[in-house]
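curious how this folds, go ahead:
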Amino acid sequence: MNRDRLLAQLRELCAEAGPDDGIDPRELKKSDHRPDPGSTKLRRLGGQIARAINVAFGTASDPLLRSLWAVRAVPDPDSARFRVEVAPHDAGDSDLDPRAALAALGREPTRRWLRAEVAAAVHRRRAPDLTFCWAEPLAEPLAEPLAGPDEEGR
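Numbering: from 1, shown residues only. Model (predicted):
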């Protein structure tokens with residue numbers, strides 16, 4: 001069949017031709033393989049990463065790292081890399097400099113150590129890369145990292 005004949009048949013079958021007409025729907029699904037960042041598995045993984053980093057912060061020899069708290073970890077943009085939001089563990093700790101804390105977290109030995117701690121705590125084929133950003137301090141320190149809606153009732 002030539003192209004003109006195919007287009008004529010397509011016009012007979014639908015009122016208006018769209019950009020995805022004539023494409024197998026199974027192929028459309030294959031092209032978008034990135035998981036939803038709000039999925040249950042990614043939220044659970046983010047909670048596990050935040051808990052592992054909080055344990056690591058508690059065992060750190062650097063007092064600056066011991067004064068930090070991982071509030072949450074979110075995929076950035078997918079499960080290969082997570083953005084970890086950190087804040088002072090003590091809400092009254094106003095002399096903690098966010099730039100100094102982020103600089104300490106950005107040093108290569110610290111990043112490798114935290115990634116190794118996450119890899120030991122989270123069972124995945126490949127440990128995710130970690131990036132850090134500053135979160136607003138909370139009124140009170142949390143007993144656990146913020147949980148997703150699926151983890152609140154446990």
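
residue ranges for the strands of this structure, please.
68-75, 81-88, 129-134 (DSSP state E).

between the ones you listed, which gets nearest to Glu117?
strand 129-134 (10.0 Å; Cβ to Cβ). For every residue, glycine as well, the C-beta is placed using N, CA and C.

ranking the strands of the chain by burial, who's on top?
Comparing the strands of the chain by mean neighbour count (mean count of other Cβ atoms under 10 Å), strand 68-75 comes out on top with a mean of 23.

let's have the strands of the chain in TSV, adding mean pLDDT and distance to Arg115.
Shown next, in TSV, are the strands of the chain (pLDDT from 0 to 100; distance: least, Cβ to Cβ, whole Å):
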stretch	mean pLDDT	distance to Arg115
strand 68-75	91	12
strand 81-88	92	10
strand 129-134	92	6
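
wait, Pro75 sits on Arg81?
Yes. Applying Cβ atoms under 8 Å, one finds Pro75 in contact with Arg81, separated by 7.3 Å.

where does this protein have its least confident helix or strand?
Within the chain, no helix or strand scores below helix 25-31, which has a mean of 63 by mean pLDDT, DSSP states H and E.
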